[in-house]
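Colleague: Output the structure for:
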Amino acid sequence: MGVGELEDRRREAVRAWTSFVEHGDAPGAVRPEILRSWGRSTAVGTDVTEAPLADEGETAGRWRDSPLQVAVERVEAELRRTAEDGDLVVAVTDPDTRILWTYGGRMMRRKAESVNFVAGGRWDDRSVGTNALDLANRLGAPAMVFSAEHYAPIVHNWVCWAAPVHDPVTGAQLGVIDLSTTWDRTHPIGLATARVMARLIETAMPRSRTHGGLLEETRDPGLVMTLLGTAETRLDGQRLLLNRRQTEILALLAMHPEGLSLEQLHALVYGDQAVTFSTLKAEVSHLRAALGGQLSSRPYRLLMPVATDVEHVLSLLRRGEVAAAVDAYRGDLLPGTNSPALHELAEYVAVALREALLADPQPDAVVRYGELAPYDVEVLETCLARLEGTAHPAVPLLKGRLAVARS
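Modeller: All right, here's what the predicted structure looks like:
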């Protein structure tokens with residue numbers, strides 16, 4: 001988007017905000033979630049000069065006790081580099097939208113400090129008005145707030161992108177990560193970057209172990225497998241260099257925590273292919289070495305906490321959190337796999353996500369899904385039918401995607 005277009009967009013946002021503040025209404029172009037947040041923000045007023053600060057000791061205690069601290073420390077270099085390269089301020093909050101950690105580029109750091117966009121700052125909309133951190137936290141989905149879409153004039157010069165951060169095992173929403181800069185530096189990939197940063201933190205999160213039905217947090221992150229879209233495996237935060245077959249074997253073991261016999265694992269990996277048991281044993285031996293011996297035999301079973309993005313997506317769907325599931329779904333499971341079991345699982349996850357969208361076609365989620373499945377005409381048509389007669393901002397995007405899919 002060029003500077004002129006951004007300036008026009010900013011003027012429109014200011015006009016809408018002024019109309020709401022002075023007359024209690026706003027043009028139809030204002031997004032519904034922004035308008036609802038403005039309604040909640042009237043109690044704050046427009047003369048707020050900074051966010052209120054929570055008790056310093058209590059904030060430090062929350063940060064110390066949160067699994068987010070461990071995760072952020074593990075990826076802090078990447079978060080800092082993102083902030084410095086884009087002259088952004090990056091913030092991580094708790095579930096109450098209280099900032100627990102922040103880091104800023106040189107210019108944005110000063111701006112952030114002037115409005116208490118710092119550790120302890122309370123950025124729920126009832127404290128400081130409409131902002132992306134609050135929206136992402138409330139909606140459980142990535143959110144962007146541009147210029148005067150913020151309720152408080154102190155941040156009308158900002159653009160903010162935020163995405164929720166979840167526990168990869170339990171699915172609990174732990175807070176959000178926010179990226180902010182000045183409105184004239186708005187970029188189309190801002191929201192995607194926030195999603196990537198959220199996922200980065202989630203993969204570095206301490207794992208949860210189950211004891212007697214209770215979840216006990218541990219500082220050991222265990223094994224984290226990304227299988228949707230692209231494959232990546234990390235053990236205790238360190239990336240493992242595995243070949244395709246080893247990744248498939250490890251994925252199957254992750255999906256079967258009770259363990260698998262040699263014969264069962266062979267059938268799941270190779271199906272009817274003429275591959276010897278010795279070949280499979282050799283691959284398992286390589287895996288056992290890579291995992292530091294944390295893979296038992298008879299049955300083959302992983303001896304550490306395990307989290308996969310596949311189970312994360314399925315757990316979100318089980319709870320009816322369709323938008324969050326679409327965010328977490330980054331593509332087909334191990335595309336091109338010739339493991340019959342993994343091919344079947346890939347189909348199951350893809351169909352489950354699609355059926356959830358057909359049952360509950362949330363517009364923003366369908367827009368994101370369209371990026372992954374651009375030719376799924378039925379999902380697009382179902383969503384547009386639900387939106388018929390409305391001025392939802394997703395409508396032109398969905399119509400454009402549908403036109404391409406039909407061409």
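Colleague: Tell me where the stretch 201-350 of the chain has strands.
Modeller: 208-211, 214-217, 223-226, 232-235, 238-239, 295-296, 301-302, 306-308 (DSSP state E, counting those that start in this stretch).
Colleague: Sorry, wrong one. I was asking about the stretch 1-150 of the chain.
Modeller: All strands of the stretch 1-150 of the chain, identified by DSSP E, counting those that start in this stretch, fall at 89-93, 99-104, 143-146.
Colleague: Name the stretch among those that sits most buried.
Modeller: strand 89-93 (a mean of 27; mean count of other CB atoms under 10 Å). Using the backbone N, CA and C atoms, a C-beta is placed for each residue, glycine as well.
Colleague: so what strands line up beside it?
Modeller: Note on strand 89-93: by DSSP bridges, its sheet partners are strand 99-104 (antiparallel), strand 173-182 (antiparallel).
Colleague: Now find how far off-centre that strand is within its chain.
Modeller: From the chain centre to the centre of strand 89-93 is a distance of 14 Å (CA atoms, centre = their mean, to the nearest Å).
Colleague: Residue ranges in this structure under the pLDDT threshold?
Modeller: For the chain, applying pLDDT under 70 flags the ranges 1-3, 206-221.
Colleague: per-domain residue ranges of it.
Modeller: The chain breaks down by automatic domain parsing into domains covering 3-203, 222-308, 312-406.
Colleague: Quickly compare the ones you listed and say which is most buried.
Modeller: Scoring those by mean neighbour count under mean count of other CB under 10 Å gives domain 3-203 as the most buried, with a mean of 19.
Colleague: Tell me how far it lies from the chain's centre.
Modeller: That offset, for domain 3-203, works out to 15 Å (CA atoms, centre = their mean).
Colleague: and residue 46, backbone torsions?
Modeller: Note on residue 46: backbone dihedrals following degrees, to the nearest 10 are phi -100, psi 0.
Colleague: which residues touch it?
Modeller: With contact set as CB atoms under 8 Å, 6 or more residues apart in numbering, residue 46 has these partners: 21, 129, 151, 152, 153.
Colleague: thinking again about what came up before, and the strands paired with strand 89-93: which comes nearest residue 27?
Modeller: For residue 27, the closest of the strands paired with strand 89-93 is strand 173-182, at 24.2 Å, according to CB to CB.
Colleague: Next one: residue 22 from residue 15, what distance?
Modeller: Distance, residue 22 to residue 15, using CB to CB, to the nearest Å: 11 Å.
Colleague: could you redo the strands paired with strand 89-93 as a markdown table and give each row distance to residue 300?
Modeller: Formatted as a markdown table, the strands paired with strand 89-93 follow (distance: least, CB to CB, whole Å):
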| stretch | distance to residue 300 |
| --- | --- |
| strand 99-104 | 40 |
| strand 173-182 | 33 |
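Colleague: nearest to residue 139, of these?
Modeller: Closest among those, once you apply CB to CB, is strand 173-182, at 10.1 Å.
Colleague: Surely residue 192 is within a helix?
Modeller: Yes - counting by DSSP: H, G, I helix; E, B strand; the rest coil, residue 192 is located in a helix.
Colleague: For the closest residue to residue 251 other than its chain neighbours, give me its contacts.
Modeller: In this structure, residue 251 finds its nearest non-sequential neighbour in residue 227, 5.7 Å apart by CB to CB, 6 or more residues apart in numbering. Residue 227 makes contact with 247, 251, 308, 309, 310, 333, 334 under the criterion CB under 8 Å, 6+ apart.
Colleague: closest to residue 204 among these?
Modeller: Closest approach to residue 204 among the contacts of residue 227 (CB to CB): residue 309, at 13.5 Å.
Colleague: burial measure for the closest one, as a count.
Modeller: As a burial measure, residue 309 scores 23 neighbours (other CB atoms under 10 Å).
Colleague: from what I can see it touches residue 330, true?
Modeller: Yes - contact status for residue 309 versus residue 330: in contact at 7.4 Å, counting by CB atoms under 8 Å.
Colleague: So for the two, which residues contact both of them?
Modeller: Between them, residue 309 and residue 330 share the contacting residues 226, 228, judged by CB under 8 Å, 6+ apart.
Colleague: Give me the phi and psi angles of the residue nearest to residue 251.
Modeller: Comment: the main-chain dihedrals of residue 227 come out as phi -120, psi -10, following degrees, to the nearest 10.
Colleague: Just the ones of the contacts of residue 46 in helices?
Modeller: Per DSSP state H, helices hold the following members of these: residue 21.
Colleague: Please convert the contacts of residue 46 to JSON lines, extending it with distance to residue 141.
Modeller: Listed next are these as JSON lines, based on distance: CB to CB, whole Å:
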{"residue": "21", "distance to residue 141": "27"}
{"residue": "129", "distance to residue 141": "20"}
{"residue": "151", "distance to residue 141": "20"}
{"residue": "152", "distance to residue 141": "22"}
{"residue": "153", "distance to residue 141": "26"}
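Colleague: Contacts only, for residue 62.
Modeller: Contacts of residue 62 (CB under 8 Å, 6+ apart): 94, 98, 100.
Colleague: if I pick the residue lying closest to the last one once chain neighbours are set aside, what's in contact with it?
Modeller: Taking CB to CB, 6+ apart as the measure, residue 100 lies nearest to residue 63, with 4.4 Å between them; neighbours along the chain are not counted. Under the criterion of CB under 8 Å, 6+ apart, the contact list for residue 63 reads 69, 100, 101, 119.
Colleague: and residue 162, what are its bridge partners?
Modeller: Taking DSSP bridges as the rule, residue 162 bridges to residue 143, residue 178.
Colleague: Check the gap between it and residue 76 for me.
Modeller: 19 Å.
Colleague: again with residue 30
Modeller: Distance, residue 30 to residue 76, using CB to CB: 37 Å.
Colleague: Residue 6 too?
Modeller: On the measure of CB to CB, residue 6 and residue 76 end up 31 Å apart.
Colleague: Same check on residue 349?
Modeller: 32 Å.
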